[in-house]
Each structure stands twice: as structure tokens, then as C-alpha cells.
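Undergrad: sequence unknown, structure follows:
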Ligand SMILES: NC(=O)c1ccc[n+]([C@@H]2O[C@H](COP(=O)([O-])OP(=O)(O)OC[C@H]3O[C@@H](n4cnc5c(N)ncnc54)[C@H](O)[C@@H]3O)[C@@H](O)[C@H]2O)c1
């Protein structure tokens, strides 16, 4: 009898959670596979939501809720937890685990050298393939730790605990992991889906304001891709709340579910990023935060799309959050040269993501060299 009541309780929680779970349609077995995560919700702070992420190579739960970190919530329950974090996050957030590997913060440390350091620390800690790498931090830690998890002993599981806005709305989901090379950003990496993502918006309370602003650029990018209610909410301006984060998560997961490996639809997530990556590389990854470069990249993409009114609206939103409208410290020629080395180039041609309207964003466009030069000139104050 007790079991029956418990089962009923489980189902109650399950039905609540399913409202936020995107289970694959027609997949009758998905509920069974999601059950451990749905049960884990019972130990999560009230109000925590579960989003089920599905991609070709794997599926995983995303938990979104205020206070998850402080409550010590974790999933999955098995395996030792080898936390990878950076010095800033280690100071600001409780990052308990069976071992802790602390890296230096900053994009310049998303490198092969840091990956070697993390891999050797994992070996030193006696990590086994059944253990979990737990990435607690922003996109740098997430990409780096996910990469190390993917290649350590040919692959172990990882859990993403995103603590920056960029990571909470974008980088923690979808399984792209990697490091930069001096020749280009994210030049070495693999796809490796996480075993779970634990997203706690309360972690953003310790994030420096300029990092919060940088994350806002990814929010605007995601809202442009989504269109509909998310764009309607974001275009009102104002702070990013848990509902906006949830909208971004769903948008990204829907894109990845359709195309995990960037063969088509996923390329829309690159909106603004072709030029952003070139700006970051041209300025040595130190002058601009990733999100700041994305802000400028979005303005270039909207200019190339010929959407003047939308460009003006986006410029206002970005400026309202303290994001740059132009760049210095590099020049048009340098940025164009680096655009030409974009990872997405194929047969010598670099495809651009363009915007017809919010919700109508498409990849694979050719852009005339003169138009690209004019659009980059416009944002270059050097
Ligand atoms: N894998 C993907 O799909 C994907 C998508 C978008 C971006 N990215 C990558 O993400 C990276 C950028 O991520 P980011 O903007 O989070 O940078 P980041 O990881 O460098 O974090 C920004 C800064 O905030 C600090 N920080 C993070 N959380 C904090 C907290 N809660 N309290 C105090 N300080 C905190 C970090 O130490 C760092 O100094 C880039 O390398 C980019 O390529 C990856």
C-alpha cells in the first residue's frame, strides 16, 4: 500500500514535470528513460523545472531552478564527482565534489595546455570511466571540461553546472566541447553530450555585471532565432529572468535535436558568431568578452541581412545592457582575414547566417566581399 501511495506521488511529480519535458513524440519508452531524472526532482528546491534534452547521440535532463547549487542537488547519482572549475567560480560558488581541479579564468586559458593540465589532474585523482567530470563555471570551463571528459580514457560522462549567463542560456547545452588554438577559436574539439545540466539562476548573483551583459548578447541572439514569445519578451528589455533562460534553453535544445552535428539547422546558432570569432581572434581573446564580440557580430549580421529597423532595435537593446556597438584594437582587414579562416568555411567560401525576421533565421548565405567590408567598416572604430 505504501508503495502504491509512493507510486502515485511519483506520478504526480512526473505529470507536473512532464509539462516542462520535451519528450520525443511517439517515443513510448522515453518516460521510462526519464524516470530517474523525474524522481530526482523530488529532492530539488521547489519550483525546479525539468527539460528533457534529446540529440542524435544521447539524451539528458536539464534541471532549471533557483537554489540548486546551494541545496547540493546533483544528478546522476552514481560515480565519483571530479569538479572542474576556475578560480573565480571556486571563490564565488560552493563547488563540492570528490576532487576539485581549479583552472585559471579567462578565454586565454581555454587551451590545449590547460586541457593537458586538467587531463593529468584527472589521472592523478584516479578518475575512471564511470566517474563524472562536473564542469562548474562559465562557457570556458564548460567547453574545456567537456572536452577533457570526451577524450579522457576515450570518454567519460560530464555534468554541466553553468554559472555564467552565456553558459546558462547557451554553451552548457548541445554537447559542443573544445579549446582554442592560436590560429582560431574552438579549433580543436568534439561533440560530447552531457549526462545532465544543472542550471541555477541564483549563481548569477555573484557574476560581475559586465559578464552578465556579455551573456545578454547570447540571449538576444537566441530570441532572434526563436521569434515568437521569447522575442516578444526580450524586445521589451529588462532583466533576464528564469523564464527567459528557460525560453533560451528550449530554443537551443530544439535546434540541436534537429541537427546535432552542424550539418544544417544548427548553424543558425552561429548567428553573429562568424564575425564575433574573428574579432576575438584578432584581439587575442583578451580585449573583448565572447558576448561583447557577439553583440558587434549581431549588428554586422543584421546589416548584411538588410534589416535596418531590426538592427536599430537590437542595437538599442544591446546598448541598454552596456554592450559595445563597435570595436577597436583591430582593423577591418584583420577581421576580414580571420573571417576567411572560419571553421564553417567550405571550398574557400564562408557561409553567413542571416535574418529575415525574428524566428526566420537561416544559415548558408553567400555575402559579397564588398558588403562584408562595408558592414565591418561600420563597426570598426580603429
Ligand atoms: N559550447 C557551446 O555551444 C558554446 C556556446 C556559446 C559560447 N561558448 C563558449 O563559451 C565561452 C564564453 O563563456 P563565458 O562568457 O561564460 O566565459 P567564462 O567562462 O570566461 O566566464 C566569464 C567570467 O565569469 C566568471 N564567472 C563565471 N560564473 C561566475 C559566477 N557565478 N560568479 C562569479 N564569477 C563567475 C569566470 O571566472 C570568468 O571570469 C567562449 O569560450 C565560447 O566559445 C560555447
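TA: Great, that's in hand. Since the model is a prediction, treat every value here as computed from it, not as a measurement.
Undergrad: what's the nearest residue in the stretch 251-382 of the chain when you look at the ligand?
TA: When you check the stretch 251-382 of the chain against the ligand by C-beta to the nearest ligand atom, the closest residue turns out to be residue 290, at 4.0 Å. Placement of C-beta: from N, CA and C, glycine included.
Undergrad: just the pLDDT for that residue.
TA: The model reports residue 290 with a pLDDT of 91.
Undergrad: that one - how many residues pack around it?
TA: A count of neighbours around residue 290, defined by other C-beta atoms under 10 Å, yields 29.
Undergrad: surely it is in contact with residue 142?
TA: No - taking C-beta atoms under 8 Å as the contact criterion, residue 290 and residue 142 are not neighbours in contact, 12.0 Å apart.
Undergrad: and residue 109, how close does it get to the ligand?
TA: Distance from residue 109 to the ligand, counting by C-beta to the nearest ligand atom, to the nearest Å: 8 Å.
Undergrad: whoops, I mixed them up, residue 119
TA: Relative to the ligand, and taking C-beta to the nearest ligand atom, residue 119 is found at 18 Å.
Undergrad: got the buried residues for the host helix or strand of that residue?
TA: Residue 119 belongs to helix 112-124 when assigned by DSSP states H and E. Along helix 112-124, these residues count as buried under the neighbour rule (16 or more other C-beta atoms under 10 Å): 114-115, 117-119, 121-122.
Undergrad: and if you look at stretch 309-317?
TA: For stretch 309-317, by 16+ other C-beta under 10 Å, it's 310-311, 314-315, 317.
Undergrad: let's have the residues you listed in a markdown table, adding distance to residue 229 and pLDDT.
TA: Compiled in a markdown table, the buried residues of stretch 309-317 are given as follows (distance: C-beta to C-beta, whole Å; pLDDT from 0 to 100):
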| residue | distance to residue 229 | pLDDT |
| --- | --- | --- |
| 310 | 17 | 98 |
| 311 | 22 | 97 |
| 314 | 18 | 98 |
| 315 | 23 | 97 |
| 317 | 16 | 97 |
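Undergrad: all strands of the stretch 151-300 of the chain, in order?
TA: For the stretch 151-300 of the chain, applying DSSP state E, counting those that start in this stretch gives strands covering 157-162, 176-181, 184-191, 196-199.
Undergrad: write out the residues of the stretch 1-150 of the chain neighbouring the ligand.
TA: 86, 88-89, 92-93, 105-107, 110, 137-141, 143 (C-beta under 6 Å from any ligand atom).
Undergrad: hmm, which of those residues are the buried ones?
TA: So, of these, 86, 88-89, 92-93, 105, 107, 110, 137-141, 143 end up buried under the neighbour-count rule (16+ other C-beta under 10 Å).
Undergrad: which ones are touching residue 228?
TA: Residues near residue 228 by C-beta atoms under 8 Å, 6 or more residues apart in numbering: 358-359.
Undergrad: swap that for residue 157, sorry
TA: 76, 79, 130-133, 149, 194-195.
Undergrad: please flag which of the residues you listed sit within helices.
TA: Of the contacts of residue 157, the ones assigned to helices by DSSP state H are residue 149.
Undergrad: residue ranges for the helices of the stretch 251-382 of the chain, please.
TA: Taking DSSP state H, counting those that start in this stretch as the test, the helices found in the stretch 251-382 of the chain are 273-282, 290-305, 308-320, 332-339, 369-379.
Undergrad: tell me which of the ones you listed approaches residue 362 most closely.
TA: Using C-beta to C-beta as the criterion, the shortest distance between residue 362 and the helices of the stretch 251-382 of the chain is 9.8 Å, found for helix 290-305.
Undergrad: the closest one vs helix 332-339, what angle?
TA: Angular relation of helix 290-305 and helix 332-339 on a 0 to 180 degree scale: 100 degrees, by axes from the mean of the first three to the mean of the last three C-alpha atoms, to 10 degrees.
Undergrad: check which helices and strands helix 290-305 sits against.
TA: helix 165-166, helix 209-226, helix 273-282, helix 308-320, strand 352-357, helix 369-379 (3 or more C-beta pairs under 8 Å, 6 or more residues apart in numbering; DSSP states H and E).
Undergrad: let's see 6 Å
TA: Contacts of helix 290-305 with other secondary structure elements, assessed using 3 or more C-beta pairs under 6 Å, 6 or more residues apart in numbering; DSSP states H and E, are made with helix 209-226, helix 273-282, helix 308-320, helix 369-379.
Undergrad: buried ones in the first one?
TA: This points to helix 209-226. Using 16+ other C-beta under 10 Å as the burial criterion, the residues of helix 209-226 that qualify are 211-226.
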